[in-house]
Each structure stands twice: as C-alpha cells, then as structure tokens.
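[1] what's the 3D shape of this:
(one chain, ligands or ions: 2)
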Amino acid sequence: MPANLPPEAKAKWLKVSEAKTPEEKLKALEEFLSVVPKHKGTEKLRRQIKRQMALLRREIEARRQKKGRRFSFFVEKEGDVQLVLLGFPNSGKSTLLKSLTRASVEASPEPFETKKPTPGMLKWEGVYFQLVDTPSIMESAAKGAGLGVQVLSMARNADGLILVIDLSAGPEYQLRTLLKELEDFQISVSRGKCEVTIERRRGGGIVVMGELEGCSVADVQKLLRSYGIYNAAVRIRGRASLDDIESAVIAPRIYKPAIVVATKADLAPHNVDNVKRVLAELNLGIKVIPVDARSPGKEVGETIASYFFNELELMRIYTRNPRTGEIAYRPLVVRRGLRVIDLAEKIHSSLYENFKYARVWSDRLKFSPQRVGADFVLEDGDVVEIIAKA
Ligand SMILES: Nc1nc2c(ncn2[C@@H]2O[C@H](COP(=O)(O)OP(=O)(O)O)[C@@H](O)[C@H]2O)c(=O)[nH]1
Ligand SMILES: [Mg+2]
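    Ligands and ions are numbered 1, 2, ... in the order given. This next block holds a predicted model:
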C-alpha cells in the first residue's frame with residue numbers, strides 16, 4: 001500500500017536525500033519521521049526508516065571509535081570489479097587472497113591477524129577483479145562487535161561478496177551467521193521478487209524500464225515528482241508495484257551477488273554438503289566452491305571471476321581509435337544493455353554531444369564493421385569506433 005504522504009513529509013524527504021554526511025542524514029530522517037502520519041499505510045515505511053536510523057547511529061559510533069587509529073578502512077576501488085572477502089577468524093581469507101592474487105598479505109594461525117583491509121588483483125580475460133581481504137567478523141558484527149560495522153560497510157560498497165567458510169570448523173554456523181549479519185546490515189544476497197533501481201539523471205524526465213504491476217508510468221512519474229525527483233531512469237527487474245517503487249526511493253534494498261568459497265576442503269571435504277543444504281533451505285542460489293585455500297588451482301580464480309562477470313551482467317567493449325585504427329588493449333567493462341550513445345557519454349561528454357555515428361566490429365554481425373546509430377545495443381566483445389561531428 002503506498003504511503004500517501006502529506007506534502008510536508010515529502011518536503012522533509014528532500015532534506016534526507018540531500019544529506020551528505022551520516023550525521024546530517026540521521027537528523028533529516030528524524031525530522032522526516034516526526035511528520036509521517038501514523039496509519040496502516042505508513043507502517044512499513046516507518047519500520048524501514050527506523051531501521052535505517054539504527055544503522056546510521058552504528059556507523060557514526062563506529063567511526064568515532066575508529067578515530068585515533070592509524071589505518072583507514074577505505075580501499076580505493078581499482079580495476080573493474082571489487083569483491084570483498086568476508087569470514088570468521090582463521091577461515092582462510094588471507095591465504096585465499098594470497099594464492100588467488102599473489103598479494104602480499106599475512107596468513108597466520110593467530111585469529112584476528114588481519115587488522116586492516118588488504119587488496120589484491122585477479123585478472124581474468126581482460127577484466128580486473130580487485131579482491132579485498134578484511135578483518136574477520138563474527139556474531140553480532142552488525143551490532144558493532146569487533147570491526148564488524150567497518151567491514152560490513154565495505155561489503156555494502158563492494159560489487160560482490162566472497163563468503164569464506166571454513167569446512168573444518170562448524171561451517172553451517174559460520175554461513176548462517178554471516179548471512180544473518182549481512183541481513184541485519186540491510187545487505188541482501190538474494191534477488192527479491194523485484195528489484196528497482198532509481199538512477200538520477202541530469203535531464204530527460206522520468207523513464208521507466210521494465211514491468212509495472214497495478215500502476216502506470218504516469219503514476220510512477222507522479223510519485224517520484226512528489227519526492228522531488230524529476231529526472232531519473234527507473235530500472236525494474238521482475239514486476240514492481242507503486243509500493244515497490246516507493247520503497248526503492250525511501251529504503252533501497254541493497255543486493256550484492258555472493259559466492260561461497262569453502263576452505264579446508266582438504267581437511268573436511270564431506271562438510272560441503274552441509275553448506276549446500278543450508279543454502280538450499282534458505283532458498284539461496286549461491287554457488288559453492290570447495291578449495292584448499294593454500295593451493296586452490298587456477299580454475300578457482302576463473303570460476304569466481306566468470307561467476308561475478310555474469311551475476312553483475314557485465315560485458316567487455318573494445319574501443320577503436322578512428323584516427324589511428326588502434327584497438328584498445330584493455331576493454332571497458334560495462335553493464336549489458338549499453339547503447340552506443342551511452343558508451344560515448346562514458347568516454348567523454350563532448351563525444352556524447354557531438355555524436356554522429358559509430359562503427360561496430362563483431363562476428364555476430366552480418367557485415368562487420370557495421371555503421372550504427374546512437375541506439376544500437378552493444379554486446380560482449382564488440383569493437384567500437386565512435387565518429388563525432390567535425
Ligand atoms: N589445511 C588447510 N589450511 C588452511 C586452509 N586455508 C587456510 N589454512 C590455514 O588456516 C590458518 C588461517 O588462515 P588465514 O588465511 O590466516 O585465515 P584468516 O583469518 O581468515 O585470514 C593458516 O594457518 C592457514 O595456513 C586450507 O584450505 N587448508
Ligand atoms: Mg587474515
């Protein structure tokens with residue numbers, strides 16, 4: 001049921017969406033909540049807001065505690081995809097990072113050895129995956145146990161998650177705990193009934209891509225405008241009701257694709273089935289890879305990379321220089337469904353503004369190269385040359 005908020009509340013919402021720091025956001029949410037009327041239609045909304053406020057309080061608190069420590073918890077994204085390793089102490093995160101990326105990290109039998117996040121790079125078919133080792137987490141991480149909040153915040157900023165589960169030490173408990181902590185931190189590892197993402201844009205009005213349920217595009221536009229959103233691309237996977245759209249504005253569900261790497265398979269191989277049983281019971285279609293983290297073999301890195309490449313719906317586009325005919329050695333890694341004009345915009349705003357046409361080289365085309373217009377949809381492996389107006 002849509003919340004049907006009074007204009008006063010929606011005006012306050014604008015303040016929330018403009019807030020820059022967690023402190024500002026918390027204050028704005030408090031003010032927003034105080035003007036949301038209490039009735040059946042706003043119950044869900046009020047619950048979502050309160051949950052968001054609780055998370056912000058924890059984040060603010062965690063940051064306060066962290067002050068004075070020497071290390072930073074922010075790992076600059078490098079490469080095309082950032083994957084964060086999450087797991088219990090001694091589960092083999094550092095060992096895995098080292099063997100998959102040859103990064104120099106310390107693996108050690110001491111629990112909680114890794115005190116700051118450490119990155120390493122895994123290269124696969126032209127795509128660079130940045131793997132990040134993190135301090136271990138455990139039960140109550142989302143409530144602030146250990147460095148839980150900092151680590152989960154990193155998970156929220158990552159593109160995907162690698163759940164590292166030690167098969168020799170109660171793997172079912174580890175898995176259930178990691179999943180619960182993620183859920184408590186409002187990170188979901190499963191796709192919901194529908195997924196709505198609202199991407200603010202500079203112009204172009206409100207465009208809806210995907211299927212609506214029980215409402216029209218005009219309803220969505222009206223709803224978003226009432227929240228002060230005038231230009232946006234609304235992407236829907238599955239079917240979304242007006243209520244789902246409103247939830248996406250107010251409390252976006254964060255979905256992160258995840259994989260389970262089950263370590264110490266050399267010690268307790270049969271426990272893999274228990275891990276799979278837990279996932280099946282929770283209805284999670286997450287892939288499980290049993291490994292000896294000390295020597296996982298090349299195919300493990302390949303499996304992880306191709307899994308996320310597909311889950312994140314990525315593709316590789318190679319640009320060709322129209323003057324020299326030179327094809328870029330490194331592809332641009334972008335979301336599937338990208339049009340030629342979107343690519344132009346990504347490369348440079350002047351290329352977007354002066355776009356004339358493009359040429360595409362690909363085996364899938366009858367004639368290659370083929371001259372194409374702005375709306376041509378690109379596919380993995382395409383070589384593209386963009387011609388601008390002189
Ligand atoms: N036998 C075996 N030992 C492992 C495996 N993975 C990690 N270890 C050992 O387990 C200990 C903890 O590993 P570490 O990578 O430091 O765990 P972290 O705390 O998750 O970073 C180290 O002594 C590793 O050598 C594995 O797959 N098999
Ligand atoms: Mg470690």
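
[2] Distance from the lowest-mean-pLDDT helix or strand in the chain to the middle of the chain?
    Least confident helix or strand of the chain, by mean pLDDT, DSSP states H and E, is helix 43-66 with a mean of 82. Distance of helix 43-66 from the chain centroid (CA atoms, centre = their mean, to the nearest Å) equals 20 Å.

[3] Keeping just the C-alphas, turn that helix into CSV.
    What follows is helix 43-66, C-alpha atoms only, in CSV (Å, rounded to 0.1, in the frame of the first residue of the first chain):
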residue,chain,number,x,y,z
GLU,A,43,3.6,1.1,9.0
LYS,A,44,6.2,-0.4,6.6
LEU,A,45,7.7,2.9,5.8
ARG,A,46,8.1,3.8,9.5
ARG,A,47,9.8,0.5,10.2
GLN,A,48,12.2,1.0,7.3
ILE,A,49,13.1,4.5,8.4
LYS,A,50,13.8,3.3,12.0
ARG,A,51,16.0,0.5,10.7
GLN,A,52,17.9,3.0,8.6
MET,A,53,18.3,5.3,11.6
ALA,A,54,19.7,2.5,13.7
LEU,A,55,22.3,1.6,11.1
LEU,A,56,23.3,5.2,10.8
ARG,A,57,23.8,5.5,14.5
ARG,A,58,26.0,2.5,14.5
GLU,A,59,28.0,3.8,11.6
ILE,A,60,28.5,7.1,13.3
GLU,A,61,29.5,5.4,16.5
ALA,A,62,31.9,3.0,14.7
ARG,A,63,33.6,6.0,13.0
ARG,A,64,34.0,7.8,16.3
GLN,A,65,35.7,4.7,17.8
LYS,A,66,37.9,4.3,14.8
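
[4] Residues contacting that helix, please?
    3, 22-23, 25-26, 29-30, 32-33, 36, 38, 73, 142-144, 149-150, 153, 185-186, 246-247, 250-251 (CB atoms under 8 Å, 6 or more residues apart in numbering). From N, CA and C alone the C-beta is placed, and that goes for glycine too.

[5] Doesn't Glu211 lie inside a strand?
    Yes - under DSSP: H, G, I helix; E, B strand; the rest coil, Glu211 sits within a strand.

[6] And ligand 1, is stretch 124-131 touching that?
    No - on the criterion CB under 6 Å from any ligand atom, stretch 124-131 is out of touch with ligand 1, staying 12.4 Å away.

[7] give me the element Glu31 is part of.
    helix 22-35 (DSSP states H and E).

[8] Please identify the residue of the stretch 251-390 of the chain positioned nearest to ligand 2.
    At 10.8 Å from ligand 2, Ala293 is the closest residue in the stretch 251-390 of the chain, using CB to the ion.

[9] Please consider this matter closed, and thank you.
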